[in-house]
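Chemist: Curious how this folds, go ahead:
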Amino acid sequence: MTAKSSSNRRTAVRPRNCNTWDVDQRRTLVILYTNFPGLSNKQRAAIFSAYYREHLSTCGLPNGLPVSAISAQYSERDKKPQVWGPACAEPSTDQERQRQHAVIQKIRTIAAALETGQTSPTVAAPQAEVPVSREVRRRTSFVVIPSKQPVVADGADRIPEPQSTPASSSRKSAIARLKQRHSAAEQSRVLTARKAVIGRATMAQDLSSTPPTTPRASATKITYERREGGSLLLSPEAHSRAQLMSAPVLPHEAHSPPSRILFRYFDNNISHLGERANGALKGEGFHAGRYRFTNSRVPAAPESVSELLLADFENHLDQRPIDSPFVSCTDDFLWLLSRIALKEHNKGRLTGHISIIDSTALPSRDIFHPRVYHQRLKEKKAFTKGAWHYSGRSEYLVWGKIPQHAIIHTFSVRQLVELVNGSRGLKVSLRFEKISRSNCSLLNTIRPELQQDEYELTHSTIVGFGKLCSFLGLTEPVHIQTVITSLVFGWQLKIHAQTSERWAKDAALFAEAVLASSDRAVLRLEYLEQMKLAYLYGVREGHKATWNMLHEPNRQRNITRMERAATEIGLRSPADIMLSELQNARLAIDQYAEQDRARFTVQAPLSRGMLASTGGQAQESGDHDMVDQSVDDYVMVDDIVYEKDDDSSSDYEDMSGLT
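Modeler: Numbering: from 1, shown residues only. Down below sits the predicted model:
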């Protein structure tokens, strides 16, 4: 009875130690998953346990949290948005950004300590089970934890000799080692016969039963830790360059002037941002992914030297799954069509649109040129997904948003393709089939081919360009000039030298094509002349243009080169050409007016009455032929003057002769 009652007696369950989660811990967990996508769950658990070591020790968890607890907690962010909302929210103030930056820096420090084995034993226990090997040039970022096995040293230059067999070893192990030695010798002889120039060091790596994790050259390389975790093996020179302190990005470098107009492609049917970010069709402009769900004012852009701004550029350029504070645009029309718009259209995605943006309507402080930031990050080996091949030459990043009033026009890519295919001049000159090919470098393949085609500015091409400018909704002459420059320079059109009269005729042809394709009737003479100037100046600039033409320090050199080339083709001064045309037009106007005036000043034929009055005046003036004649010899009947004649026979004879 006593035994039975004792078996039914409840035993007291010891309370399980658990962690009390707060906003800071959840925010750190979010950073571990979003800012460090290359980490494994075990690595995140190890870093989190080291980060909150003291707190977890007070909770009775001296060895840290297990991987399951970390994964389960992070998976609740979608199930409990009211709890995870503050932790997942992006920082909106400078103080919050600095706090986030401090957390990221501390995570990097812990990751580096875990790799070198400098963490305390209390925290190192859960990480000892993480067998992560060092990888060379891995594209995804990760934290490297040292392997339990030592790295192969310089002794790998020779064929490794098997260790001496101890007396206690089994016969089977000794036979295996002898076979291994024999196999290595056989392979060595075969490789030597095939290629005698192979050194013994290379053969040692190929013939070893357990090849070293790195090639021989890695023996002289140094491990470099990335900003976002992970490591690379670099040469001493590259390692020293990566360790150098980067020069701060100056304002004139960060805000290099863009072209007058920018282009942005978007397709809300496939974009995860949706209309909240790409609201140009609804009159709401464009919003960066970080600020697409906020109705508050977008914070001011950080200074160009800010470390937080550099981190934003790193996440954006490396295409990390983090909401960017930038709206991406480009001033290269050819690049946008060739690399994005036409490729998406060829895939059957017919809902793509392109917006034309007036860059002068945006604050210059909000327009960043990412090239200088890309150079700084490339020196630090920060990129993991191939972004080191990206130059950032033609891209501009607008901070926060692009308001609707800065958008000139938005058009459909499908309608653009239909326009080009329906115009012979545009189809031949723009060559959409050639520029939209896949797996072809725009700089090294497509542009050289466009240049080799040597297409010229023919009559049909000029008319087609006028139709295209009208389709793009451009009315300002400066915007039309920018598009003409982009067409001539981007498609490598060949420009021949012409006389001023010929250039003036081409400009008039272009202006007529624009007006003929437009719904608006423009009758102002000054506007027509500005359109002609826009065409001539666009051809002049595009003939020998270059990327980032107005960027320092090559700005003056680019301008001098352009002016020299323009002189060779007869476009040294388009303004003088149009002024000469206007002077000729003025002379023609004066000549026409003079001819019309002369029509009203010519004398009419004289009548008999005018002749009679003229004869009387001649008598009064003392005409010698009429001195001997008497006034009585004339008589006037019914306003007709008859001469008196006493001899009627002469009259009769005359009458008889007439009959």
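
Chemist: For stretch 596-604, give the mean pLDDT please.
Modeler: Stretch 596-604 shows a mean pLDDT of 78.

Chemist: Looking at stretch 393-411 now, give me its mean pLDDT.
Modeler: What stretch 393-411 shows for mean pLDDT is 95.

Chemist: Could the C-alpha coordinates of it be exported in CSV?
Modeler: The C-alpha atoms that make up stretch 393-411 are tabulated as CSV, following Å, rounded to 0.1, in the frame of the first residue of the first chain:
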residue,chain,number,x,y,z
ARG,A,393,28.4,54.7,-64.4
SER,A,394,24.9,55.4,-65.8
GLU,A,395,22.8,55.0,-62.6
TYR,A,396,21.6,57.7,-60.3
LEU,A,397,19.9,57.1,-57.0
VAL,A,398,17.3,59.5,-55.7
TRP,A,399,16.9,59.7,-52.0
GLY,A,400,13.4,58.8,-50.6
LYS,A,401,11.0,59.6,-53.4
ILE,A,402,10.4,61.3,-56.8
PRO,A,403,7.3,63.5,-56.7
GLN,A,404,4.8,63.4,-59.4
HIS,A,405,5.5,67.0,-60.6
ALA,A,406,9.0,65.9,-61.6
ILE,A,407,7.7,63.2,-63.9
ILE,A,408,7.4,64.6,-67.5
HIS,A,409,5.7,61.6,-69.1
THR,A,410,5.1,57.9,-68.6
PHE,A,411,4.7,55.6,-71.6
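
Chemist: so how far is it off the chain centroid?
Modeler: Centroid displacement of stretch 393-411 relative to its chain, using C-alpha atoms, centre = their mean, to the nearest Å, is 11 Å.

Chemist: If we go by neighbour counts, what in it is buried?
Modeler: In terms of neighbour count (16 or more other C-beta atoms under 10 Å), stretch 393-411 has its buried residues at 393-402, 406-410. C-beta here means a position set from N, CA and C on the backbone, and glycine is covered the same way.

Chemist: Now go through these and say which are in strands.
Modeler: Using DSSP state E, the subset of the buried residues of stretch 393-411 located in strands is 395, 396, 397, 398, 399, 401, 402, 407, 408, 409, 410.

Chemist: from the residues you listed, which is closest to residue 345?
Modeler: Set against residue 345, the nearest of those by C-beta to C-beta is residue 410 (15.8 Å).

Chemist: burial of the closest residue to residue 535 other than its chain neighbours, as a residue count?
Modeler: Leaving out its chain neighbours, the residue that sits closest to residue 535 by C-beta to C-beta, 6 or more residues apart in numbering is residue 510, at 4.4 Å. Neighbour count for residue 510, taken as other C-beta atoms under 10 Å: 27.

Chemist: So residue 510 is in contact with residue 461, correct?
Modeler: No - the criterion here is C-beta atoms under 8 Å, and residue 510 misses it with residue 461 at 10.0 Å.

Chemist: report the longest helix in this protein, please.
Modeler: Longest helix in the chain by number of residues, with DSSP state H as the criterion: helix 574-599.

Chemist: And the next helix or strand past the helix or strand containing residue 481?
Modeler: Here residue 481 is covered by helix 477-490, with elements defined by DSSP states H and E. The element immediately downstream of helix 477-490 (helix or strand, assigned by DSSP H and E) is helix 500-517.

Chemist: Show me what that next one is packed up against.
Modeler: Packed against helix 500-517 by the contact rule (3 or more C-beta pairs under 8 Å, 6 or more residues apart in numbering; DSSP states H and E) you find helix 459-471, helix 525-543, helix 574-599.

Chemist: Quick one: the helices in the stretch 251-400 of the chain, in order.
Modeler: Along the stretch 251-400 of the chain, counting by DSSP state H, counting those that start in this stretch, helices occupy 251-254, 307-317, 333-336, 342-346, 371-379.

Chemist: where in the stretch 501-650 of the chain is pLDDT low?
Modeler: 520-523, 602-650 (pLDDT under 70).

Chemist: Residue 54 and residue 113, how far apart?
Modeler: Taking C-beta to C-beta, to the nearest Å as the measure, residue 54 falls 16 Å from residue 113.

Chemist: more neighbours, the two?
Modeler: For the pair residue 54 and residue 113, the greater number of neighbours falls to residue 113 (16 against 8), based on other C-beta under 10 Å.

Chemist: In a helix, the more buried one, correct?
Modeler: Yes - the assignment for residue 113 (DSSP: H, G, I helix; E, B strand; the rest coil) places it in a helix.

Chemist: I'd like to know which elements the one helix or strand residue 109 maps to is packed against.
Modeler: With secondary structure defined by DSSP H and E, residue 109 is part of helix 94-116. Applying 3+ C-beta pairs under 8 Å, 6+ apart, we find helix 94-116 packed against helix 23-34, helix 41-51, strand 222-225, helix 307-317.

Chemist: one more time with 10 Å, if that's ok
Modeler: The contact analysis (3 or more C-beta pairs under 10 Å, 6 or more residues apart in numbering; DSSP states H and E) places helix 94-116 against helix 23-34, helix 41-51, helix 121-127, strand 222-225, strand 231-234, helix 307-317.

Chemist: Could you dump those into TSV with mean neighbour count added?
Modeler: Putting the helices and strands packed on helix 94-116 into TSV (neighbours: other C-beta atoms under 10 Å) gives the following:
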stretch	mean neighbour count
helix 23-34	18
helix 41-51	23
helix 121-127	17
strand 222-225	16
strand 231-234	20
helix 307-317	20
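
Chemist: low pLDDT regions in this protein?
Modeler: Residue ranges of the chain with pLDDT under 70: 1-16, 116-219, 227-230, 243, 245-246, 272, 294, 520-523, 602-659.

Chemist: With distance to residue 36 as extra columns, can I get the helices of the stretch 251-400 of the chain in JSON lines?
Modeler: Listed next are these as JSON lines, based on distance: least, C-beta to C-beta, whole Å:
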{"stretch": "helix 251-254", "distance to residue 36": "27"}
{"stretch": "helix 307-317", "distance to residue 36": "11"}
{"stretch": "helix 333-336", "distance to residue 36": "32"}
{"stretch": "helix 342-346", "distance to residue 36": "31"}
{"stretch": "helix 371-379", "distance to residue 36": "16"}
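
Chemist: Which stretch among those helices approaches residue 74 most closely?
Modeler: helix 307-317 (19.4 Å).

Chemist: So which elements touch the closest one?
Modeler: For helix 307-317, the packing partners by 3+ C-beta pairs under 10 Å, 6+ apart come out as helix 94-116, strand 326-330, strand 367-368, helix 371-379, strand 395-399.
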